[in-house]
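Colleague: Starting from these lines, generate the structure:
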Amino acid sequence: MRLPESQSSSETQNQRNELLEFARLAGIDESYMPRPGTEIYRRVMELCMEYIAAIDAMDTGSYSNSKRRIAHNELCKAIFGKQRAELSPVDQDRVSDFAAGVAGRNELMGSF
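Modeller: Predicted coordinates for the structure are as follows:
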C-alpha cells in the first residue's frame, strides 16, 4: 500500500516507534503491532480512540457500558486476533492500557 505523499518514511517510522512504545508499556509483544500505513494500523488507532472516548463518556453518563465492551472487544480482535472473552484478564487489561497510551491518556494506564 502506498503512503500518502504527505507522510514520509521517517514519519511512518516515528508512528511505528510510538505504537511499539505503547505496546511495550502495556506489556504487549511487539509482534502483534501492525505496520504504519496499513488499514489495520489505522483501525487499531481508531479503536483506541473509540474505546477511550467510551470510557470518558461513561464518566459523564452519556455512553453505555455495552458500547465500551464492544469497542474493547474489537480492539482485542484487532491486536490479538481473539475475542475479549478468549483473553486472560491480564491481557484484557494490557489492551486497555495500550489504548490509553495511544489516546494520550497515560493517567489511565494501570487503572483497568
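Colleague: Okay, now the unreliable bits of this structure?
Modeller: Along the chain, the model assigns pLDDT under 70 to residues 1-17, 62-64.
Colleague: Quick one: the strands in it, in order.
Modeller: For the chain, no strands are identified by DSSP state E.
Colleague: which other helices and strands contact the lengthiest helix in it?
Modeller: Taking DSSP state H as the criterion, the chain has its longest helix at helix 39-60. Contacts defined by 3 or more C-beta pairs under 8 Å, 6 or more residues apart in numbering; DSSP states H and E place helix 39-60 against helix 9-26, helix 65-80, helix 89-102. Heads up, the C-betas are built off the backbone N, CA and C, glycines and all.
Colleague: Could you rerun that using 7 Å?
Modeller: Judged by 3 or more C-beta pairs under 7 Å, 6 or more residues apart in numbering; DSSP states H and E, the packing partners of helix 39-60 are helix 65-80, helix 89-102.
Colleague: tell me which residues in the last one are buried?
Modeller: This points to helix 89-102. Residues 91-102 are the ones in helix 89-102 that count as buried (16 or more other C-beta atoms under 10 Å).
Colleague: what's the answer for the longest one, then?
Modeller: Of the residues in helix 65-80, those with enough neighbours to count as buried (16+ other C-beta under 10 Å) are 68, 71-80.
Colleague: Now those residues in a markdown table, please, with extra columns for distance to Glu21.
Modeller: Formatted as a markdown table, the buried residues of helix 65-80 follow (distance: C-beta to C-beta, whole Å):
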| residue | distance to Glu21 |
| --- | --- |
| Arg68 | 25 |
| Ala71 | 22 |
| His72 | 21 |
| Asn73 | 24 |
| Glu74 | 22 |
| Leu75 | 17 |
| Cys76 | 20 |
| Lys77 | 22 |
| Ala78 | 18 |
| Ile79 | 15 |
| Phe80 | 19 |
